[in-house]
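Enquirer: what's the 3D shape of this:
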Amino acid sequence: MRARPGSRVAAVAHAAPGQPGPPEPPAGDGIVPTLAELIALRGLARARGRVAAGSSGLRAQAPSMLRGRGMEYAESRGYTPGDDARHIDWRLTARSGKPHTKLFQAERERLTLVVADTAPALYFGTRVRFKSVQAARAGAIAAWRAVADGDRVAALRGSGLAPPVPAASGARGALRVLDALVRWYARPPDDDAGLEVALDQAVRLLRPGSRLLLLADPASVEAVPVARWSGLATHHQVVVLLLTDPLEMDPPGALLAFETAPGDRLELDMAAPAQRRRWQETFSGRLSSLTATLEARGVRAVALSCDAPSDAWLDAIGAGRG
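Expert: Numbering: from 1, shown residues only. Here you go, the predicted model:
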């Protein structure tokens, strides 16, 4: 098991010998993300191919009478039966004396905003890498995908001191985000203010049709009022990556010893049915409930284990290989 010295949670698992090794070796030490490994993920993001234009409606060239996410006004034409009355161009209708309908087209540059949760629970891991490193790698994949899609990319975390990374396009924008992810996930920041503060900042930056990717621990997301997600998903494409660890989802049926503080040790017998049931309710049960809650409000929620390929979440949101 990996655990950062001085972190708030450390654990030792007495697993049975002969367990299979991790499916993917870490590019770095798995404890601290490096800029080199995040830059190297650009090739992996490119291999995924472009997101299909029809899945989001953001790359259509011809004007449409349907106003979707990320759409801006293009022109008006005469009204025909069946057109949406909400899109009537009232000014032109009044001026010409004949009803007209507004047409819309895709915005040229969309914003992809990466929001990083920096709760202490993320700086922990038992397989391949810390959850914090996996968050940084997933955020890097998102930044490189945004560049491939022609988006501007920005990033922020919940802090009253650290300013957001301003939106920029191309490799320059992605590298700014990668540099911030390396700094934020090197160690738990002292000024972490939580996801609610981060989402308050995000709302001020987002425009209708933006893409929002949230990298977070499930407990952090659970603390956000449910009503917030509906509002975000109404105007934006929202994806929440819930970072998990194999120990949380499937603990060994053995004694687990946790160092909760220097000199303080907690032991849990995971072979005991009652203890194992409480553990599963706390982790896997919470994850299932949280995923269902978010999906019901229009948010794509994906669990990403720290031992999974860092780009596995793209398949779950329909952005697989072209």
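Enquirer: what's the local residue count around residue 217?
Expert: Counted by other C-beta atoms under 10 Å, the residues lying close to residue 217 total 23. C-beta coordinates here come from the backbone N, C-alpha and C atoms, glycine included.
Enquirer: I figured it hits residue 119, correct?
Expert: Yes - applying C-beta atoms under 8 Å, one finds residue 217 in contact with residue 119, separated by 5.1 Å.
Enquirer: just the helices in the stretch 101-250 of the chain please.
Expert: Ranges of helices in the stretch 101-250 of the chain, per DSSP state H, counting those that start in this stretch, are 131-148, 170-184, 195-205, 218-222, 226-235, 246-249.
Enquirer: a markdown table for the ones you listed, including mean neighbour count, distance to residue 154 and mean pLDDT?
Expert: What follows is the helices of the stretch 101-250 of the chain, written out as a markdown table (neighbours: other C-beta atoms under 10 Å; distance: least, C-beta to C-beta, whole Å; pLDDT from 0 to 100):
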| stretch | mean neighbour count | distance to residue 154 | mean pLDDT |
| --- | --- | --- | --- |
| helix 131-148 | 28 | 9 | 96 |
| helix 170-184 | 20 | 7 | 97 |
| helix 195-205 | 17 | 6 | 95 |
| helix 218-222 | 20 | 20 | 96 |
| helix 226-235 | 15 | 16 | 92 |
| helix 246-249 | 19 | 30 | 92 |
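Enquirer: residue 300: what's it in contact with?
Expert: Going by C-beta atoms under 8 Å, 6 or more residues apart in numbering, residue 300 touches 237, 238, 239, 240, 294, 316, 317.
Enquirer: likewise for residue 85?
Expert: Going by C-beta under 8 Å, 6+ apart, the list of residues near residue 85 is empty.
Enquirer: repeat for residue 275
Expert: Residue 275 touches 268, 269, counting by C-beta under 8 Å, 6+ apart.
Enquirer: can you list the domain ranges for the chain.
Expert: 10-14+27-53+108-316, 60-106 (automatic domain parsing).
Enquirer: deepest-packed of those, please.
Expert: Compared across those, domain 10-14+27-53+108-316 shows the largest average neighbour count, a mean of 19 (mean count of other C-beta atoms under 10 Å).
Enquirer: tell me where the stretch 201-322 of the chain has strands.
Expert: Using DSSP state E, counting those that start in this stretch, the strands of the stretch 201-322 of the chain run over 211-216, 237-244, 255-261, 264-269, 300-305.
Enquirer: same list (those strands) but as CSV, adding mean pLDDT and distance to residue 42.
Expert: Output for the strands of the stretch 201-322 of the chain, formatted as CSV (pLDDT from 0 to 100; distance: least, C-beta to C-beta, whole Å):
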stretch, mean pLDDT, distance to residue 42
strand 211-216, 97, 17
strand 237-244, 96, 19
strand 255-261, 81, 38
strand 264-269, 86, 42
strand 300-305, 96, 19
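Enquirer: of all those, which one is nearest residue 311?
Expert: strand 300-305 (9.7 Å; C-beta to C-beta).
Enquirer: can you give me how far that closest one is from the chain middle?
Expert: 8 Å (C-alpha atoms, centre = their mean, to the nearest Å).
Enquirer: quick check: angle from that strand to strand 237-244?
Expert: On the basis of axes from the mean of the first three to the mean of the last three C-alpha atoms, to 10 degrees, strand 300-305 is oriented at 20 degrees to strand 237-244.
Enquirer: element containing residue 77, please.
Expert: strand 71-78 (DSSP states H and E).
Enquirer: quick check: residue 130 vs residue 33, distance?
Expert: Separation of residue 130 from residue 33 (C-beta to C-beta, to the nearest Å) stands at 9 Å.
Enquirer: give me the common contacts of those two.
Expert: By C-beta under 8 Å, 6+ apart, no residue touches both residue 130 and residue 33.
Enquirer: quick revisit: anything in contact with each of residue 217 and residue 119?
Expert: By C-beta under 8 Å, 6+ apart, no residue touches both residue 217 and residue 119.
Enquirer: looking at it, residue 117 is touching residue 159, isn't it?
Expert: No - Residue 117 lies out of contact with residue 159 (C-beta under 8 Å); the separation is 11.4 Å.
Enquirer: so what sits against both of those two?
Expert: In contact with both residue 117 and residue 159: residue 198, using C-beta under 8 Å, 6+ apart.
Enquirer: about what we covered before: of the helices of the stretch 101-250 of the chain, which approaches residue 84 most closely?
Expert: Using C-beta to C-beta, the nearest of the helices of the stretch 101-250 of the chain to residue 84 is helix 226-235, at 17.4 Å.
Enquirer: distance from the closest one to the middle of the chain?
Expert: Using C-alpha atoms, centre = their mean, the offset of helix 226-235 from its chain centre is 15 Å.
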